[in-house]
Every structure is written in structure tokens, then in C-alpha cells.
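> Model the structure of this input:
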Amino acid sequence: MKVAIILDDSLGPGLLANSSACIASGLFNGVENVLGPEIEGYFFKYIPITKIPILIMKQHNRTWPELLKRAKKFKLKYMVFTQEGQSTTNYEEYIERVKGKPIEEVKVIGIGAIGEDNDIQRFCGDLPLLR
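A predicted model of the protein is given here:
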């Protein structure tokens with residue numbers, strides 16, 4: 001398994017980091033065997049981290065609807081992250097901002113997908129890494 005997170009690279013570093021964290025947490029929800037075990041340190045514990053690769057890519061010259069279509073085509077578990085979600089701390093307000101709206105009516109800032117290595121490669125293999 002592998003994760004790909006595709007982001008609008010015009011965002012600043014803080015918003016990119018926040019977007020990646022939000023997308024990863026959403027993708028891992030309900031997926032088994034992607035996190036390792038908790039590890040005992042000396043008087044503390046290391047929390048579990050992912051056992052699978054997480055690729056962070058640039059949107060580059062692809063549209064969000066095109067990337068969403070790709071995720072569906074390869075039957076990946078995917079999620080869309082929007083500015084509407086990033087700009088509020090109230091989940092109910094976020095729901096109101098995006099509920100029932102097509103992708104063209106929201107400000108997408110990232111799409112994430114999780115799946116088998118080959119499917120993730122076909123989903124994002126033509127996009128550059130975010131560096």
C-alpha cells in the first residue's frame with residue numbers, strides 16, 4: 001500500500017503542512033495495518049507512525065476534477081481537502097460550506113488517495129514531488 005497527497009503548491013509552508021496532516025489523518029481513518037505499534041522509549045513512548053510510503057506531490061498541470069476522476073477510475077480510497085475546511089475551526093461550519101457542492105464550486109487545495117502501489121503510481125505517477 002501507498003499514499004499519495006497532491007497539493008496546490010502555491011500555498012505557504014504552514015498551509016501545506018496542515019493540508020498534508022489533514023489529508024493523511026482522513027485517509028488513515030478506518031484503514032487497518034497502516035500504522036506500526038507503539039514503541040517503548042526510556043520513560044516515554046514513541047507513538048505509532050505509518051508503515052507505508054506517503055508521497056507528497058504537486059498538482060502541476062492537472063485539474064482537480066481530472067485527479068478526482070483518476071482516483072475513482074482506480075477505485076482508490078480518496079478524499080478532497082478544501083480551503084473551506086482549512087479556514088474554519090468549527091466542523092459544522094465546514095459541513096455547511098461544502099455539503100452537496102460539486103468540486104467546481106469549492107476551493108480545492110489537495111486530494112489524497114490510498115491504495116495498492118501500482119494503482120497509486122497510475123494515479124499520480126506523472127506529477128512531480130513537492131520539494
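> Please make it C-alpha for all contacts and neighbour counts, starting now.
OK.
> And Thr63, how far from Gly41?
45 Å (Cα to Cα, to the nearest Å).
> quick one: low-confidence parts of the protein?
Along the chain, the model assigns pLDDT under 70 to no residue.
> Could you pick out the longest helix of it?
helix 13-28 (DSSP state H).
> Which other helices and strands does that helix contact?
On a contact count with 3 or more Cα pairs under 8 Å, 6 or more residues apart in numbering; DSSP states H and E, helix 13-28 meets strand 2-7, strand 77-82, strand 108-115.
> 10 Å instead, please
strand 2-7, strand 54-58, strand 77-82, helix 83-86, strand 108-115 (3 or more Cα pairs under 10 Å, 6 or more residues apart in numbering; DSSP states H and E).
> what's the angle from that helix to strand 54-58?
Counting by axes from the mean of the first three to the mean of the last three Cα atoms, to 10 degrees, helix 13-28 lies at 130 degrees to strand 54-58.
> Contacts only, for Gln64.
Residue 64: Trp, not Gln. Ile6, Leu7, Asp8, Arg70, Val80, Ile103, Glu104, Lys107, Val108, Ile109, Gly110, Ile111 (Cα atoms under 10 Å, 6 or more residues apart in numbering).
> how far away is it from Asn29?
If you go by Cα to Cα, the gap between Trp64 and Asn29 works out to 22 Å.
> Over to Lys72?
Lys72 is 18 Å from Asn29, where distance means Cα to Cα.
> Show me which of these two is the more surrounded one.
Lys72 (13 against 8; other Cα atoms under 10 Å).
> what about the more buried one, which helix or strand?
Following DSSP states H and E, one finds Lys72 within helix 64-73.
> I'd like to know how many residues surround Leu127.
Neighbours of Leu127 under the rule other Cα under 10 Å: 16.
> one step back: Tyr94 is nearest to which of the helices and strands packed on helix 13-28?
helix 83-86 (5.3 Å; Cα to Cα).
> got the CA coordinates for that closest one in PDB?
Output in PDB follows, covering the C-alpha atoms of helix 83-86 (Å, rounded to 0.1, in the frame of the first residue of the first chain):
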ATOM      1  CA  GLN A  83      -9.900  25.900   1.700                       C
ATOM      2  CA  GLU A  84     -13.400  25.800   3.200                       C
ATOM      3  CA  GLY A  85     -12.200  23.100   5.600                       C
ATOM      4  CA  GLN A  86      -8.900  24.700   6.300                       C
END
